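Trainee: Predicted model, plus sequence, below.
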Amino acid sequence: MAIQIQAQQPATKKTEEVKITTSAQCEMCKKRIEKALYKVKGVISASLNVESKVATVVYRTNKTDIQSLKKAINGAGYDADDSPADADAYSKLPGCCQEGGGEMPHK
């Protein structure tokens, strides 16, 4: 009779918080970026500080990763750290949300 012993895996960290620098300009950008992040499966919370342009995201590590979070921000038309915005999505942003447009009136 053979006895099998399975080693228990160490508990892994289930959630992680990451800060991602974006190219956000205004409150409209904040709404777009947060909405895009919440669409990523595994995101628990997402908050963008417009003044610092930093998005703080808490996510489940078994559901998503930092690259997927950056990809969501890029897909909304914004830079995410060193990852550039999707050009097509960026071109569809209102002028106030594009580079240098932070001083433009919001529509």
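Mentor: Nice, thanks for sending it over. Everything quoted here is computed from the prediction, not taken from an experiment. Numbers count the residues shown, from 1 in each chain.
Trainee: what about the nearest residue to Pro84 once chain neighbours are set aside, distance to Asn62?
Mentor: Closest residue to Pro84 apart from its sequence neighbours, by Cβ to Cβ, 6 or more residues apart in numbering: Asn74 at 6.8 Å. Quick note: C-beta positions are derived from backbone N, CA and C, even for glycine. To Asn62, Asn74 is 23 Å away according to Cβ to Cβ, to the nearest Å.
Trainee: Output the below-cut-off pLDDT ranges for the chain.
Mentor: Scanning the chain for pLDDT under 70 picks out the ranges 1-13, 101-107.
Trainee: Spell out for me which residue occupies the centre of it.
Mentor: By Cα atoms, centre = their mean, the chain has its centre lying nearest to Leu69, at 3.9 Å.
Trainee: Wasn't that residue part of a strand?
Mentor: No. Counting by DSSP: H, G, I helix; E, B strand; the rest coil, Leu69 is not part of a strand but helix.
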